[in-house]
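[1] Next input, structure requested:
(chains A and B)
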Amino acid sequence: MSEIVFSSWGRKIVDNRSGGSADLASLKLKIPTEYLGNSKVKAFMGWDGVVLLDKDTDVVAMAAEYMKRVQEKHCCGKCTPGKKGTRVLQDTLARIVEGHGSEADLDTILNLSELLEECKCTLCKTAVIPVQDTVNHFRDDYLAYINGKRKAPAAGIDYRDKLTAPCMDRCPAHIDIPAYIEEIKNYRFDESLDVIRRRMPIAAVCGRVCPHPCETACRRALVDEPVSIMVLKRVASDHEWMHHKPFPAKPKAPTGKKVLVVGAGPAGLTCAYYLALEGHKVKIIEMLPEPGGTVAVGIPDYRMPRHLLRREAENIASLGVEIVYNTKLGRDIALSDAKKEYDAIFLGTGCFKSKPMGVDGEDAGYEGFSPGGIHYLRAVALGQGIKTPKRVVVVGGGNTAIDCVRVALREGAEESILVYRRTRNEMPAESYEVDDAEEEGVRFEFLVNPTKLVTKNNKITGVEVIKMELGEPDESGRRRPKPVPGSEYVIPCDMVIPAIGQDPDLSYLDDCKDCKIKKTRWNSVLTHGGTMMTDDEGVFAGGDCEYGAMTVVMAVGHGKRAASVLNRYLKDGKAMLDDEEALEDAVNRLGVFNDKEKIPLPGGLKREHQPKISGPERAKNYEEIELAMPESQAVVEADRCLRCYRVAMVAIDQ
Amino acid sequence: MSDKNTKAMINLTIDGQSVQVESGATIIAAAEKLGIKIPTMCYLKKVSTTGACRVCLVEVQGVDAPVTACNTVAIDGMVVTTSTPELEKKRRDIIRLMLVNHPLDCPVCDAAGECDLQNICYDMHILQQPYSAEDVAMPKITVWPLIENVPSRCILCERCVKVGHELTGIGTFTVSERGDKAFITRKPDNEIDPYIEGNAVAVCPVGAMISKPFKHSSRSWTLNKVPSIGFACGPLEQVELNVRGNKLYRITSEDDVTVNDGVMSFDTCFGYGFVNSDKRLTAPLVKQGAKQVEAQWDDAYAQITAKAAEVGGAAVAGLSSARLTVEENYLFQKLFRAGFGSNNIDSEARFGSAVVSDTLAANLGLRGASNSVAAIAGADAVLVFGSDITAEQPQVNYMIQRALRRNDAKLVVANMRNVRIAGLSNCFLNYKPGSEVLLAAGLTKLIVDNGQLDSAFVKKFVKNGADIKKFAAKVDLQKVEKTSGVSLELLKEAAELLGAADSVAIIFGADVAQSVLCKEVTAALGDLAVVSGALNSAGLFPVDERANTQGLLDCAVRAEMLPGYKEYSAAAADFATAWGVDALPQGGMNAVQILEGIESGAIKMLYVAATNPLVTWPESARWKKALEKVEFLVVQDILASELTAMADVVLPAAAYAEKSGTWIACDNSAGALGKAVKPLAQARSDKQIFADFLAATTGREQTLCNEKILAELNDLSGLFTTVEPSGDKYIVPCAKAAYEPKAASLVFSKSDKAIAVKGLQLLTGKMHAHTGVTSTYAPGALEIAPGGYVELNSADAAKVGVKDGDSVTVKSAVGSFSGPVKLSPYVPAGLVFAPYHFADMAARQAVPVGGSTVAVELVKS
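    A predicted model of the protein is given here:
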């Protein structure tokens, strides 16, 4: 028998109550069937319909409970239909379940549901959708209550609910984006930052260099252009900084537990911040002389001024977190010793070992050959006396490659050339950064791939490249480049910097005999079930060392999740997700953003852009390129947000 | 939305009519331009859009669902329909939802008659609503001061939340709870000088926010509304006096048509109760033995004129007030000079405002502010120096708030205390007493060093422009840092903000005016105004808490000048001729000399009008002794006080709302006080009293017509460009020329004097809820600020060994007073603050003449 009894999800009705075989897989519906490992999911209700998995689920009672939670827990009350309408719906449904309903109540529900179309945001507006579905498709169940043939269900069912939004779901740190944008709209910048800090302690960073996946799930884009979510985060963060406001967070009373966080990058800082707030004693060890990890030494100052990164680290330190620099796990402290000394460990060791190009002579130690983009950027950032010659070739198409060509210009290169084996369209780097690089005078050589280093007297004099052409799409969907035989030519240069990716450096695991930590096949740390705990109890990992080189915001998400689970681990001895996190992952698998949705709004409002220093003048220094967006402009931009909240609820057996 | 840039225009069609609006404008704004009224409950033009009520639904061609007109931005080519049967049905259904559990207590609801919900139900014929739900509204909140909140009546439009947060910058309201329980709550406020947003009552569309002082006192439709100006903000605040049966019930202000766009000061919202105080003087009193007894006006007049004649002009002195109108102050000085033959006249302006005025006049040719207060809203950077502006001039504060939110202005606050507006600043320069000049000079230097000096302006207008760079080179920043206690880093940041701005407003207030170095600090701020470009952009604004200080100064109630800032001896003959007297008296004493004169016996008769030297004046204890001693004391006032109790003759004057006349604001804008009720009992307007004396002493009838008095003043002084009243509803009685410096007329003062202070310093000043002593008779003001206190940092409290609530005596070289300790984070260690308003504490007993701060010793009492 099919696991689906009924589904209206996605406005597609599947009714197996009198036969039928559509199941979750055939519907491509990623609804969980199990909840937190020990409960069965009986039904799911949310913004796009109802999915009934267990035929014995009382959908009327569930709809009543759903509307109760929508009204009492989630509805902001800031518009009339939402505030009053969902209250009337809640009471009407409750009256039916209590056996005092009438058939006219069903009309009231449907009529009100229609009126709720006029709500200010989508929370209450989408919340009536599953309720309407139950009235339309389970009318007999309602009538059974109304006619006194059914009584309120006995025990055996429980509900869990979750507030989400497409942007908030897509954000790896799951920031309550509509909430912080609404605060900005209301000129409440401190409150906005407070919302952000509930999920992310380094807003100054993610307000600047986040690849903002959230904006790809912004419903406003279906009307005109996505809301400038990232920049608004920076506005909130800059407001505190530009007004010399004190960092407001205060930690809870000390718990007496000690945690070692390895790495002061975004994952480590985040994890330390939330653990410190819970009252745990946290020590961070960091191999570099300053905080920020790859954000500090891999992202140039013109994109992410390090003084702001230091300010964020100082804030975190002010919570009682000790940060010890120039200290590397495996070199200065052995993991096995740390395990003995601390109640728990979080590994946020990053991913900074450059991948080889696979070209002859890479390891010959030629003068002018950089071991990798990330090394080059770090050496420049830390002032390690690296000399950038006149002509530089950088190989790769990612953000690191772009950063390298742009930094090379600032370090005095007269020619800075980026070599990429596909075309501009396939470049993984952010397109605006490619534009920025071009404006600054970077030269691009697309559809070429290095084949040989050209040297003279052990010194790089050029790089031989071969022309490429695009063939069939590969598994990433991008067309696979193929060399054009015999098309080799030499690009003369004094320096070659490969920037084609990084691997984590997990050498600290090698000499830890009693460690049970396992690695993935990509040589990153393996963790389980979204808990961020490794196979070694009490050792957690997150960020690039766990996932491979990814984004700042992913690292923040990992750090936050790890801190949350770790806190429970320290309190209860169990590394478990809580309801919020379980549902966070569940709705994430289901997907919240629907790019096919038609939104009945006039649109035509372009997004606001922060001012920017123009190309030629900026390439001479490391001053921040993007200037703060004026707050009044941010308010206008924030007003574009559609507040796409929605509420999910699962019914589970107890 | 930014006010800054002019925007492109777009065209749209609403109900078949085409209209052009600025890009970024909403549909409702475009409709308003066409005169099309779209029904709404939550929309309030002066704050950001909310979109809460969902009543203003309109149809837009090509869009499948209705949109709200209030927060949908108009797009070029948009075709909008504001009324269809479907829209009307939806609107009615939404209003019906709004009515779910809305209490039917209209008969006892204060909003009845001016309730938008009543009106819209009536307009839309909503006679019933079909929905029912449990009533989960929070109970009525009665614990707040001055405002009662009735959540069950609230439609959660958030106007109250926004008016405070966005317009006054002080709002403490916010939304709490979820769903139908959601209600307006109040966040904790500054516990030392608390605030409650009276504008919340004004903007509430229903009866959720109720003014306690007004509650159940009057049905709104029975009130007559008389145009006037605010008693604390004067011409900067246009209001309507709501009266019935010769009683003032409340004060309101309209949006759009007033200069303040309906935004009111605390005083206007809640502080007007002194007018109805039972301490009002109702009849003239004359002393019989040790007792004062009621007398006829003529008897009182006769005693005074007889005494004045008996002691002779040289032994008569008079003190007037910025609370009196321009006409009254003009008549006051005329009476003394032409009637009593005395030039011994002065006012409290002697201890600050007059010095500021003379200094700005000498260096910059400026009397008052260099620009309209409204220009502050257009500033890119604002410096508030030595002023608790929120308290001192609420309407100036509101313009700063506008600059901050709509114009993205940067704010630098320089103050000894962490005053309320410091919390909104980009840079807070928390300087030490005595370092003001150096601090300003430091900013001047940094702006010059940064190359941000407007050389063209300097070359054209500054007489000694070449001195600026030399001066800048000389200023020692290390010394500035050390003396002021402000870090160089912060000072540089502040200078950068001021220097980089295209338009700068510099606002300064009481701490500067009352400083020992008043002249020097004012000059230094003048220098900064030249260097930062404030003088040729948003402006330089000397602010005084009293509404008509500028009018008082213009009328020259001071021995050394005649109206229009004319040098006394030079202009005396002209005035004598005009006033029909042979000559004006020679010489003349200022306030300090009058005090000494009383002490020495040279002054035998003192006439005090609308001011109270026992409370508000420096060395008030010395004044008390002197007044006990003076042979004959006349006090003309509205309220009974310690001062009136000492008087030989008490003249009951008409209060605010009981008289007409002109006030002139710090920016030289004029406004007319509205006479809404008759003077209480036998009280007479100050103008009438002075005119009566003038007639009695000169034998010539004095006109009471304001226009004629202003015309006479203008003939003699040339103060105004016109004395023709203008304005339809809110009358502007006269106007002055805009400030325009002449070429090579400005003086760069090179002011750089500092004084080193030792030990604990006392600063006295204004609280936001009070103005002068008058407000201490207003129940509304007292509810929020009931009495005096000694505000103290916990470090200093520990040194003295006192805790919160302990009584402490504050002693200086000139006097002492006692009050309860309030431990506070808003004063730094080394500084003690005491509000001056309260007669029973009389903090200014310890304050010497010409010193806003004074070294004191604290003793637990």
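[2] Next one: B:E712 from B:V723, what distance?
    Distance check for B:E712 against B:V723: by CB to CB, to the nearest Å, it reads 9 Å. C-beta coordinates here come from the backbone N, C-alpha and C atoms, glycine included.
[3] Apologies, that question was intended for B:K811.
    Taking CB to CB, one finds B:K811 at 50 Å from B:V723.
[4] what do you get for B:T325?
    14 Å.
[5] quick one: which of those two has more around it?
    B:T325 (29 against 21; other CB atoms under 10 Å in any protein chain shown).
[6] For that one, which non-adjacent residue is closest in space?
    The shortest distance from B:T325 to any non-neighbouring residue, by CB to CB, 6 or more residues apart in numbering or on different chains, is to B:G661 (2.9 Å).
[7] Surely that neighbour touches B:G674?
    No - in this structure, B:G661 is not within contact of B:G674 by CB atoms under 8 Å, at 9.8 Å.
[8] can you list the domains in chain A?
    According to automatic domain parsing, chain A comprises the domains A:6-164, A:258-351+A:504-576, A:354-501.
[9] Quick one: the ones you listed as CSV, columns for mean pLDDT too.
    Output for the domains of chain A, formatted as CSV (pLDDT from 0 to 100):
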stretch, mean pLDDT
domain A:6-164, 94
domain A:258-351+A:504-576, 96
domain A:354-501, 92
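[10] Can you say which of the ones you listed is nearest to chain B?
    Of all the domains of chain A, domain A:6-164 sits nearest to chain B, with 2.7 Å by CB to the nearest CB.
[11] From one end of that closest one to the other, what's the distance?
    23 Å (CA to CA, to the nearest Å).
[12] just how off-centre is that domain within its chain?
    30 Å (CA atoms, centre = their mean, to the nearest Å).
[13] Looking at the stretch 351-500 of chain B, what residue ends up closest to chain A?
    Closest point on the stretch 351-500 of chain B to chain A, by CB to the nearest CB, is B:D408, at 4.2 Å.
[14] Assign a three-state SS to that residue, would you?
    State at B:D408, reduced to three classes by DSSP: H, G, I helix; E, B strand; the rest coil: coil.
[15] how close does the residue nearest to it when sequence neighbours are not counted get to A:M287?
    With sequence-adjacent residues excluded and distances taken as CB to CB, 6+ apart, B:D408 is closest to A:P630, at 4.2 Å. Computed as CB to CB, the A:P630 to A:M287 distance reads 39 Å.
[16] Compare these two and say which is more crowded by neighbours.
    Taking other CB under 10 Å, A:P630 and A:M287 do not tie; A:M287 has more neighbours (20 against 17).
[17] And the more buried one, how close does it get to A:N523?
    For A:M287, the distance to A:N523 - CB to CB - is 19 Å.
[18] count of neighbours near the residue of chain B found nearest chain A?
    The nearest approach of chain B to chain A comes at B:A182, 2.7 Å away (CB to the nearest CB). Neighbour count for B:A182, taken as other CB under 10 Å: 22.
[19] which residue sits closest to A:L319, ignoring its sequence neighbours?
    A:L319's closest residue in space is A:A276 (CB to CB, 6+ apart), at 3.9 Å.
[20] My guess is the residue of the stretch 351-500 of chain B closest to chain A contacts A:E631. True?
    Yes - contact criterion CB under 8 Å: B:D408 and A:E631 qualify, at 5.6 Å.
[21] Looking at those two, which is more packed in?
    A:E631 (23 against 19).
[22] Now do the strands in the stretch 101-250 of chain A.
    A:158-164 (DSSP state E, counting those that start in this stretch).
[23] Within range of chain B, give me the residues from it.
    A:108, A:112, A:115, A:117-120, A:185-188, A:242-244 (CB under 8 Å from any CB of the partner chain).
[24] Closest one of these to A:I202?
    Set against A:I202, the nearest of these by CB to CB is A:M242 (17.0 Å).
[25] okay, now B:E134: neighbour count?
    Counted by other CB under 10 Å, the residues lying close to B:E134 total 12.
[26] To clarify, my last question referred to B:H768.
    28.
[27] That one against B:N397, yeah?
    No - using CB under 8 Å, B:H768 is not in contact with B:N397, being 9.4 Å away.
[28] Overlap in contacts, these two.
    Residues touching both B:H768 and B:N397 (CB atoms under 8 Å, 6 or more residues apart in numbering or on different chains) are B:T390.
[29] in stretch A:315-323, what's buried?
    A:315-317, A:319, A:321, A:323 (16 or more other CB atoms under 10 Å in any protein chain shown).
[30] Looking at those, which is nearest B:V286?
    Among the buried residues of stretch A:315-323, and counting by CB to CB, the member closest to B:V286 is A:N315, at 70.2 Å.
[31] quick one: contacts for the residue nearest to that closest one when sequence neighbours are not counted?
    Nearest non-adjacent residue to A:N315, counting by CB to CB, 6+ apart: A:F247, 4.3 Å away. Residues counted as contacts of A:F247 (CB under 8 Å, 6+ apart) are A:240, A:315, A:318.
[32] how much space between the last one and A:A267?
    According to CB to CB, A:S318 and A:A267 sit 20 Å apart.
[33] Next: B:A369.
    With CB to CB as the criterion, B:A369 and A:A267 are 55 Å apart.
[34] Could you check which of the two is surrounded by more residues?
    Between B:A369 and A:A267, counted using other CB under 10 Å, the more crowded position is A:A267 (36 against 26).
[35] give me the element the more buried one is part of.
    helix A:266-277 (DSSP states H and E).
[36] show me where the stretch 101-250 of chain B has helices.
    In the stretch 101-250 of chain B, the helices defined using DSSP state H, counting those that start in this stretch lie at B:116-123, B:159-162, B:199-203.
[37] quick revisit: winner for burial among the domains of chain A?
    For those, the largest average neighbour count (mean count of other CB atoms under 10 Å in any protein chain shown) is found in domain A:258-351+A:504-576, namely a mean of 22.
[38] From the chain's centroid, how far away is that one?
    On CA atoms, centre = their mean, the centre of domain A:258-351+A:504-576 falls 17 Å from the chain's centre.
[39] Endpoints of it, how far apart?
    19 Å.
[40] can you pull the pLDDT of the residue nearest to B:D408?
    We have a pLDDT of 96 for A:P630.
[41] my guess is it meets B:A409, correct?
    No - between A:P630 and B:A409 there is no contact under CB under 8 Å: 10.1 Å.
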